[in-house]
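Student: return a 3D structure for these sequence lines:
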Amino acid sequence: MGVGTHQLTIQSGVLQGIVAQVTIDEMNEASTYLPGGMWLVKGMWTYSGVNNPLASYQNMMVFTCWMILFLGVAVLLPPARTIRSAVWRGMIPAALKDAAGILRAHVENVMGQVNAGDDDDANQNSNANQEKEDDDNKHKAKVGQLQGKCIYHMNALFDGTLAKYTIFEPRLLTNPCSHPPECTAYYLAKLSMLVARVSSASVGIQLFTSREFCYDNLSSGVYSNAADNLEVCAKALATGNAGLLDGISYVNSCSLSSGGIAGEGGEDQNSLKDEDAFEMHHRTEEIAVMSRKWLRAMSATGRKGDAHSDDKDAGFCSKESFASMLQNLKPWIRVHISHYIHLFQHLLAPFRKSTWQSLMDAESYDFIKLIWCIKYSMGMVFLLVISVYWPAYRTDFVLAADDDPMKVVYAIQNGGWTMVAYCFATTQTAEGTVKKGLLRMAGTVTGAFSAWLALLACESSTFELEYNPYALVAWITATSFIATFIATERGFGARIALSNSFGFGPIYFVVTQILIVSYVSMIFGPESRDEVIVNRMVANLLGIVMAIVLAVIPPGNYGGDPGHTRKINNFHWHSVQTVVELLISCDDVADELLAKNIQTLDSLSSKILRKSASMQEITVDFEKDAARLQKMTCFKVDPRIKMEIGKITRDIYVASFVPRLAAKILKGESRLLLLEKNGLVQQRLKEIRADMANDGIAATSQTTKENFHLPSSDLPDREGRDDIDLLLLTIQWLITEMRGHNEALKVIGVNRCGVYQNFNSK
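Tutor: Model prediction:
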């Protein structure tokens, strides 16, 4: 065959009968073109061989396995340690100090109220009254600031997410004969969750600040003691000195396994419980125990022979040491299989009845998510179909001269790059897709231009590839460093990820530049430089435009839609209603359903934490994805959404606390007062039920009494009285908060190109 294009029929092999178009140029280089069809689609799934370009499915699986391996190795990189250090030396100590500050401010305020009667006679002049008012305002401002910080810490440490990112231990593969340590990331995650709960409890204690009946319950200074312990733990963690924990004043010893209080001296225990309705002493001692466990595990000398060590009897090369090493390996192995587990769960979803039922629930947003997935799949299928079955698109979607022998190659690659760009420009939200698409456009264009400059400046006939490889490496290194620096967050955020606002722009700048330089310098050569760059850029821009167009076609999954946040709030509302109904249904001490209801309440507490955490994670992810390029007017996310998400995250702990406290009351003697027919508590619960049922979460007015309090004569011990008061007060506070969230979310709309649309009719 000579120079030109030739038609050849393949006589054997898997492509037997297919007519191939072979083009030979003047340089005696050949290129082959095969027409598309169903045989090609079938072959993509059935062909094998890593060197077979048509074995798409098998090669994609090989590529996926390598990518998963790289992701698994990525968690072994040392920078994760800097995140861990920032969490346990910075974030957790700061949270503990702020929680201690709230406790001290609470005690100061209570003591001030107790002494107010003694000071009234001495403060009759206006100057003294003005000074007292100024002091009160300063105190309120201080407490408000501390509460804001505690809410921030609670959101940052929620569910131990940051700690879980630091799963890798540098000593992960330590010789088992040297007795490897525990997997401390679990300890740090547990410590983070305990601190988050203490932050939540410290904020909740402010509910009692204005309650007169609580003032006489602080005579023992239990909250002052808790504040001291929190500050000691903060200092020990910040300095890494476990010895400081020896100075903690334990009011009682706590049992982590049972979650209860174990100690000597029944009278002291009962007195302590009377004075600490929030069990703050137990919470702080849990933190102290976990802090010691964490610091011991992180200490090279504290793992063996330590007075507080749990594994002093474990020998070298023992069964225990090998088990410890395997325990450390589990998280790393889980990284590799978690992708398949996640995929398998999605494959099972269509076969669950609950999946189809959720499509009918407007609050679930599952139908919108289904439509979003269908739109994405339709876009990918459309691009694939026109690449295979539309000859004009398959052969003419290219920017090259008609006599360019590489024109067919460019056209085939353009179809593939269009699908890749479409795939990676689409995110889980409409706003995120539009903004990521724009960032990818900017990164692609600037990256292509930088690659063109590099190829132009580094061309040299003295090298085999006709490019100076050292100059190309230097160029790519310098420009990639600059782009990465620009995309990196400042401060603590630099330890975690690139900028959420505009990080994708520099990422695609680097990727586009490297790909173009590699393609031209190693495959196509200097003569094809301009064509490769232009076609790569145009193909990507087409895929990006396709993603943006489909994203804005309704219905869309909008991350700025307050409905995602409202869904969590409504779940808390229904959960509280369930608790109230259960407590009213148990209006007889001898009720045979009492034990079952106690179990139901305990299960409900766990369910609230689990389900709310899952919904909160999705909601935060949607908001974060949609909130890119916040300075962009079009598709801007209302900043109040993030604030409401933070408040509702705080409510997760409070909502789970309600059924847990109710179960505790039903287990104790105080249930006699709680379940008394026509008693004050049952009357109050029925008022709350009527308020929730009649007015609903959309009510804006308070219809029930805010300052309900049981008289001391109704219950001999203060513990039961305070628990019931705390339960009713917390329920009422939650109702007020949930209605406030609902009201705030009503006025938040979804921004579509500068026009806010409200979807609160859902």
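
Student: so the residue nearest to residue 451 when sequence neighbours are not counted: helix, strand or coil?
Tutor: Distances taken as C-beta to C-beta, 6 or more residues apart in numbering place residue 516 nearest to residue 451, at 3.8 Å, with adjacent residues excluded. (Each C-beta comes from the backbone N, C-alpha and C, glycine too.) Following DSSP: H, G, I helix; E, B strand; the rest coil, we place residue 516 in the helix state.

Student: show me the contacts for residue 516.
Tutor: Taking C-beta atoms under 8 Å, 6 or more residues apart in numbering as the criterion, residue 516 is in contact with 447-448, 451-452, 455, 532-533, 536.

Student: can you tell me which of these end up in strands?
Tutor: Among those, the subset assigned to strands under DSSP state E is empty.

Student: past the helix or strand hosting residue 138, which element shows up next along the chain?
Tutor: Here residue 138 sits within helix 126-156, counting by DSSP states H and E. As assigned by DSSP H and E, the chain's next helix or strand after helix 126-156 is helix 161-164.

Student: what helices or strands is that following helix leaning on?
Tutor: Packing contacts for helix 161-164, counted by 3 or more C-beta pairs under 8 Å, 6 or more residues apart in numbering; DSSP states H and E, involve helix 184-204.

Student: same question for the helix it packs on, mean pLDDT?
Tutor: Here helix 184-204 scores 83 as its mean pLDDT.

Student: going forward, count from 25.
Tutor: Noted, 25 is the first residue going forward, which turns the last one into helix 208-228.

Student: these two touch, right, residue 213 and residue 184?
Tutor: Yes - here residue 213 reaches residue 184: they are 3.1 Å apart, a contact under C-beta atoms under 8 Å.

Student: and for residue 691, the neighbour number?
Tutor: 14 (other C-beta atoms under 10 Å).

Student: what's it in contact with, if anything?
Tutor: Taking C-beta under 8 Å, 6+ apart, one finds residue 622 in contact with residue 691.

Student: how close does it sit to residue 619?
Tutor: Relative to residue 619, residue 691 is positioned 10 Å away (C-beta to C-beta, to the nearest Å).

Student: the residue nearest the centre of the chain sits in which helix or strand?
Tutor: The centre of the chain sits closest to residue 641, judged by C-alpha atoms, centre = their mean, with a distance of 4.5 Å. Here residue 641, judged by DSSP H and E, is contained in helix 618-650.

Student: what are the buried residues along that helix?
Tutor: Residues of helix 618-650 classed as buried under the neighbour-count rule (16 or more other C-beta atoms under 10 Å) are 618, 621-622, 624-626, 628-629, 631-633, 636-637, 639-640, 643-650.

Student: same check, this time on stretch 400-409
Tutor: Neighbour counts over stretch 400-409 (16+ other C-beta under 10 Å) mark 400, 403-404, 407-408 as buried.

Student: farthest-separated two in those?
Tutor: Greatest spatial distance in those: 400 and 408, 12.9 Å, computed using C-beta to C-beta.

Student: re the thing from before, for the record, mean pLDDT for the helix holding residue 162?
Tutor: Rounded mean pLDDT across helix 150-180 is 73.

Student: again, but for stretch 489-501
Tutor: Averaging pLDDT along stretch 489-501 gives 92.

Student: gap between it and the chain center?
Tutor: Distance of stretch 489-501 from the chain centroid (C-alpha atoms, centre = their mean, to the nearest Å) equals 40 Å.

Student: now swap in stretch 549-558 and tell me
Tutor: For stretch 549-558, the distance to the chain centre is 43 Å (C-alpha atoms, centre = their mean).

Student: name the residues that touch it?
Tutor: Identification of contacts with stretch 549-558 by C-beta under 8 Å, 6+ apart yields 423-424, 428, 430, 434, 472, 475-476, 479-480, 483, 490-491, 540, 543-544, 548.

Student: can you do 6 Å?
Tutor: Residues from elsewhere that reach stretch 549-558 (C-beta atoms under 6 Å, 6 or more residues apart in numbering): 423-424, 430, 472, 476, 479, 483, 490, 540, 543-544, 548.

Student: same deal with stretch 637-646?
Tutor: The contact list for stretch 637-646 (C-beta under 6 Å, 6+ apart) reads 183, 453, 583, 588-589, 592, 669, 673.

Student: dump the host helix or strand of residue 128 to CSV, restricted to CA.
Tutor: Element membership of residue 128 [criterion: DSSP H and E] is helix 116-138. Taking Å, rounded to 0.1, in the frame of the first residue of the first chain, the C-alpha atoms of helix 116-138 are listed here in CSV:
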residue,chain,number,x,y,z
ILE,A,116,-9.8,20.1,71.2
PRO,A,117,-7.9,22.2,73.9
ALA,A,118,-9.6,25.4,72.6
ALA,A,119,-13.0,23.7,72.8
LEU,A,120,-12.3,22.5,76.4
LYS,A,121,-11.2,25.9,77.5
ASP,A,122,-14.3,27.6,76.1
ALA,A,123,-16.5,25.0,77.7
ALA,A,124,-14.8,25.6,81.0
GLY,A,125,-15.3,29.3,80.5
ILE,A,126,-19.0,28.8,80.1
LEU,A,127,-19.2,26.7,83.3
ARG,A,128,-17.3,29.4,85.3
ALA,A,129,-19.5,32.2,83.9
HIS,A,130,-22.5,30.1,84.8
VAL,A,131,-21.4,29.7,88.4
GLU,A,132,-20.5,33.3,88.7
ASN,A,133,-23.9,34.3,87.4
VAL,A,134,-25.7,31.9,89.8
MET,A,135,-23.7,33.1,92.8
GLY,A,136,-24.4,36.6,91.8
GLN,A,137,-28.1,35.9,91.8
VAL,A,138,-27.9,34.2,95.1
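
Student: any buried residues in that helix, and which?
Tutor: For helix 116-138, the neighbour count (16+ other C-beta under 10 Å) marks 116-131, 133-134 as buried.

Student: okay, the angle between it and helix 208-228?
Tutor: Calculated by axes from the mean of the first three to the mean of the last three C-alpha atoms, to 10 degrees, helix 116-138 forms an angle of 20 degrees with helix 208-228.

Student: thought residue 223 was touching residue 177, still the case?
Tutor: Yes - counting by C-beta atoms under 6 Å, residue 223 is a contact partner of residue 177 at 5.0 Å.

Student: average pLDDT across stretch 673-685?
Tutor: Here stretch 673-685 scores 88 as its mean pLDDT.

Student: now do stretch 430-446
Tutor: pLDDT averaged over stretch 430-446 gives 87.

Student: just the C-alpha atoms of that stretch, please, in CSV.
Tutor: In CSV, the C-alpha atoms belonging to stretch 430-446 read as follows (Å, rounded to 0.1, in the frame of the first residue of the first chain):
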residue,chain,number,x,y,z
MET,A,430,-4.0,13.0,12.0
LYS,A,431,-7.4,14.5,11.5
VAL,A,432,-9.2,11.2,12.2
VAL,A,433,-7.2,10.7,15.4
TYR,A,434,-8.1,14.2,16.7
ALA,A,435,-11.7,13.5,16.0
ILE,A,436,-11.8,10.3,17.9
GLN,A,437,-10.0,11.8,20.8
ASN,A,438,-12.3,14.8,20.8
GLY,A,439,-15.3,12.5,21.4
GLY,A,440,-13.6,11.0,24.4
TRP,A,441,-12.4,14.2,25.9
THR,A,442,-15.9,15.6,25.6
MET,A,443,-17.3,12.8,27.7
VAL,A,444,-14.5,13.1,30.2
ALA,A,445,-15.1,16.9,30.6
TYR,A,446,-18.8,16.3,31.0
